[in-house]
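Peer 1: what's the 3D shape of this:
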Amino acid sequence: MGDSSSQLVAANILATRAQLGSEGHSSSSTVAHPRNWMQYVCIGMICRVERWFRSIDTDNSGFLDPEELQRALAMGSLNYPLTVVDAMIRAFDQKDSRSLNMTEFSKLHEFLTSVTASFNFYDRDHSSTLEIAEVVQALAQAGFTLDPPVLQKMMKKYDLSNTRCLQKYDLSNSSNLKSCARTFGAFDPHRTGSVTLKFNEFVYASSHIS
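Peer 2: Residues are numbered from 1 along each chain as shown. Purely as a prediction, here's the structure:
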């Protein structure tokens, strides 16, 4: 587990301990076992995401459309235009319905939380931006290793301010990497790392990338 992940786990464990202590839980044998604390942390996070989902599912449909998700992200101080929100939905929508159910919303929440934590960890000079070397480290932690020409193209796409750096907003837009990985995997079921596409297949793949 990387340093940033360890720090996040430790922070969640401390918060959970404080919460349980305030609710009058006495110390017991469970306190000595980190696995039990991890279960408390995971359960607490799931409950919070579920409550958040229900509070913004205004029509009680069990699904979030782009407008509902946009309001949800705004509640977390993530103010994205509808086009970006739609791209996020497409990256995590397994039903091809342009909406998210609870499970898909949880995965999006996990992704955004991970991206934000990774950004904050590698922004060591607290400039609120990541230079290209820092972006390489952040993406590697997320499981993406890109060749330099590919990374430079990605930087140009998401460096909206043309500063050769990525802001936190820009990095969150990289949800399209999730779309790329999922679409590529559909054509590479044996995980060889290489695919050959006919033109129609390429168009089909492109339509599924946010």
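Peer 1: so Ser97: helix, strand or coil?
Peer 2: Secondary structure assignment for Ser97 (DSSP: H, G, I helix; E, B strand; the rest coil): coil.
Peer 1: which one is it nearest to, not counting chain neighbours?
Peer 2: Closest residue to Ser97 apart from its sequence neighbours, by Cβ to Cβ, 6 or more residues apart in numbering: Phe63 at 7.3 Å. For the C-beta atoms, the positions are set from N, CA and C on the backbone; glycine is no exception.
Peer 1: got the residue ranges for the helices in the protein?
Peer 2: Using DSSP state H, the helices of the chain run over residues 3-22, 34-56, 66-75, 82-92, 102-122, 132-141, 148-158, 168-172, 176-187, 199-207.
Peer 1: mean pLDDT, distance to Gly193 and mean neighbour count added to those helices, as CSV?
Peer 2: Below are those laid out as CSV (pLDDT from 0 to 100; distance: least, Cβ to Cβ, whole Å; neighbours: other Cβ atoms under 10 Å):
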stretch, mean pLDDT, distance to Gly193, mean neighbour count
helix 3-22, 45, 26, 13
helix 34-56, 65, 32, 14
helix 66-75, 87, 32, 17
helix 82-92, 87, 21, 20
helix 102-122, 85, 22, 18
helix 132-141, 83, 16, 17
helix 148-158, 83, 14, 13
helix 168-172, 62, 25, 19
helix 176-187, 85, 9, 16
helix 199-207, 90, 16, 11
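Peer 1: residues contacting Asp65?
Peer 2: Going by Cβ atoms under 8 Å, 6 or more residues apart in numbering, Asp65 touches 98-99.
Peer 1: and if you look at the one 10 residues further on?
Peer 2: With contacts defined as Cβ under 8 Å, 6+ apart, Met75 is in contact with 52, 56.
Peer 1: got the contact list for the residue nearest the centre of the chain?
Peer 2: Centrality entry for the chain: nearest residue to the mean C-alpha point is Phe111, 1.3 Å, by Cα atoms, centre = their mean. By Cβ under 8 Å, 6+ apart, the contact list for Phe111 reads 92, 175, 178.
Peer 1: the first one against His109, yeah?
Peer 2: When you say that, I think you mean Phe92. No - Phe92 is beyond contact range of His109, at 9.6 Å (criterion: Cβ atoms under 8 Å).
Peer 1: gap between Asn176 and Glu104?
Peer 2: For Asn176, the distance to Glu104 equals 16 Å [Cβ to Cβ, to the nearest Å].
Peer 1: what's the answer for Gln167, then?
Peer 2: Note on Gln167: its distance to Glu104, by Cβ to Cβ, is 26 Å.
Peer 1: now Thr58
Peer 2: Separation of Thr58 from Glu104 (Cβ to Cβ): 18 Å.
Peer 1: still on that earlier bit, please report how far the residue nearest to the centre of the chain lies from Thr192.
Peer 2: Between Phe111 and Thr192 the computed distance is 25 Å (Cβ to Cβ).
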